[in-house]
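Peer 1: Quick one: sequence and predicted model below, then my questions.
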Amino acid sequence: MDYKAFYKLSYGLYIVASVFDGKKAGYIANTAFQVTSQPPLVAVSCHKKNATTPVIEKSGIFSVSVLKKEADVSIIGQFGFMSGDDIDKFRNVKFETFSTGAPVVTEPSVAWFECKVTNSIDVGSHILFLGEVVGSGIISDGEPLTYRYYREKYKMLAPPNAPTYIEKEKLETEAPPRQESADIIRNEDSGGSYICTICGFTYDPEVGDPTAGVGPGTPFGDIPDNYKCPVCNAGKDYFKPV
Ligand code: FE
């Protein structure tokens, strides 16, 4: 089997969200797709360890916010690489609620759907929720973000909970070499903390990063160039001074 063939499947990028008992939950999904038109059904595939999954199971509702192409990558870090058990993912984002009450992230999005779960299928690591669309809307005329665009622009691999995650060993070669891009931020070391622009992890030189063998008191500029963000695996070039 050639696992690279899976990269030829096309997807968008979405925020799937729900709410139960006042607790909002949401995550970044690439597997959200229309299943039928009569009735209009949409399916999402949620990892069982994802904090949003039990919220959808209990509430029976979910929303799909279609991210726009120019979406700030920090929202992908916030919803895709952090856990709602640790942070309130909705604390600094614009969202609205409609008939189901599931939060719809309106910025940076081009469209939204809200669904009532009609069926769920246990597929092992994930649960496939089928939902009847009970509301939808256009937010802007912008272009939707595709998974391919995101992967090529930011050179990111899917996080392990994503349905499309492929273990590195299963790929014959590593991810494609990073190309120089104007979007990649290069900075002189200011001596202070640096934040990962993909997921929001902050490197504090006073603390270092023991998980990567970087001791306390190491300025960011002195970390080896092959350093990777401990949260999202982004390279050193994706960090900027706080
Ligand atoms: Fe990160």
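Peer 2: Cool, the structure landed.
Peer 1: where along this protein do the helices fall?
Peer 2: Counting by DSSP state H, the chain has helices at residues 52-59, 73-80, 147-154.
Peer 1: Least confident of those helices, on average?
Peer 2: The stretch with the lowest mean pLDDT among the helices of the chain is helix 147-154, at a mean of 79.
Peer 1: what's around the nearest residue to residue 39 once chain neighbours are set aside, how many residues?
Peer 2: Counting by CB to CB, 6 or more residues apart in numbering, residue 39 lies nearest to residue 132, which is 5.3 Å off, once chain neighbours are set aside. C-beta: built from backbone N, CA, C; applies to glycine. Residues near residue 132, counting by other CB atoms under 10 Å, number 14.
Peer 1: Check residue 51 too.
Peer 2: Residues within reach of residue 51, counting by other CB under 10 Å, total 17.
Peer 1: for residue 196, same thing?
Peer 2: 25.
Peer 1: measure the residue nearest the centre of the chain to the ion for me?
Peer 2: Nearest residue to the geometric centre of the chain (CA atoms, centre = their mean): residue 80, 2.7 Å. Relative to the ion, residue 80 is positioned 10 Å away (CB to the ion, to the nearest Å).
Peer 1: Is that residue in contact with residue 30, as I believe?
Peer 2: No - look at residue 80 against residue 30 with CB atoms under 8 Å: they stay out of range, at 9.7 Å.
Peer 1: show me the contacts for residue 215.
Peer 2: residue 208 (CB atoms under 8 Å, 6 or more residues apart in numbering).
Peer 1: Which residues are in contact with residue 68?
Peer 2: 108, 109, 110, 140, 142, 143, 144, 145 are the contacts of residue 68 under CB under 8 Å, 6+ apart.
Peer 1: With residue 147 as the reference, measure out to it.
Peer 2: Counting by CB to CB, to the nearest Å, the gap from residue 68 to residue 147 is 14 Å.
Peer 1: Next one: the worst-scoring helix or strand of the chain on mean pLDDT, is it in contact with the ion?
Peer 2: Sorted by mean pLDDT, DSSP states H and E, the helices and strands of the chain end with helix 147-154, the least confident at a mean of 79. No - residues of helix 147-154 are not located near the ion by CB under 5 Å from the ion, the shortest gap being 10.5 Å.
Peer 1: gap between the residue of the chain most remote from its centre and the ion?
Peer 2: When distances are taken from the C-alpha mean of the chain, residue 217 lies farthest, 31.4 Å away, according to CA atoms, centre = their mean. Separation of residue 217 from the ion (CB to the ion) stands at 22 Å.
Peer 1: wait, isn't that residue in contact with residue 206?
Peer 2: Yes - applying CB under 8 Å, one finds residue 217 in contact with residue 206, separated by 6.7 Å.
Peer 1: interface residues of the protein facing the ion?
Peer 2: So the chain meets the ion at 196, 198, 199, 201, 229, 231, 232, 234 (CB under 5 Å from the ion).
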